[in-house]
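>>> Pasting the sequence and the predicted coordinates here, then a few questions.
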Amino acid sequence: MRGKKVTVILTEHFKERYRERVGNAPPSAQQAWVARSLKSRRPKSQSDGKFRLKLVGSRHVVVLAREKGVWVAVTVE
């Protein structure tokens, strides 16, 4: 993933869970953090077709979906 542009879309559910679990941050910062994590780590595939990715510098995990070459952030655990 390094060197390639990563496109991330945040769902409303993700934004709410992020605020509850991680803290208050603008959507652009949330998006940048997920993109930076995607560039440095490889997401793990789940049986339901979604992916799990640990955020860089955090204990939280992001659940992602892949749609037409775009990563969609579904929720934060």
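All right, it came through fine.
>>> shaky segments in this structure?
1-3 (pLDDT under 70).
>>> In it, which residue is most central in space?
Most central in the chain under CA atoms, centre = their mean is Val34, positioned 4.1 Å from the mean C-alpha point.
>>> Not counting its neighbours along the chain, what's nearest that one?
Closest residue to Val34 apart from its sequence neighbours, by CB to CB, 6 or more residues apart in numbering: Val8 at 4.9 Å. All C-beta atoms are positioned from the backbone trio N, CA, C, and that covers glycine.
>>> What is the longest helix seen in the chain packed up against?
When the chain is parsed with DSSP state H, its longest helix is helix 27-40. Applying 3 or more CB pairs under 8 Å, 6 or more residues apart in numbering; DSSP states H and E, one finds that helix 27-40 contacts strand 8-10, helix 12-21, strand 51-54, strand 61-67, strand 70-76.
>>> moving C-terminal of it, what's the next helix or strand?
Using DSSP states H and E, the helix or strand that directly follows helix 27-40 along the chain is strand 44-45.
>>> Please name the strands paired to that next one in the sheet, noting orientation.
strand 51-54 (antiparallel) (DSSP bridges).
>>> got a list of contacts for the partner strand?
34, 37-38, 41, 43-46, 60-66 (CB atoms under 8 Å, 6 or more residues apart in numbering).
>>> Restricting to C-alpha, output it in PDB.
Provided in PDB are the C-alpha atoms of strand 51-54 (Å, rounded to 0.1, in the frame of the first residue of the first chain):
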ATOM      1  CA  PHE A  51     -11.600  -6.200   7.100                       C
ATOM      2  CA  ARG A  52     -10.100  -5.400  10.500                       C
ATOM      3  CA  LEU A  53      -7.300  -3.000  10.900                       C
ATOM      4  CA  LYS A  54      -5.600  -1.800  14.100                       C
END
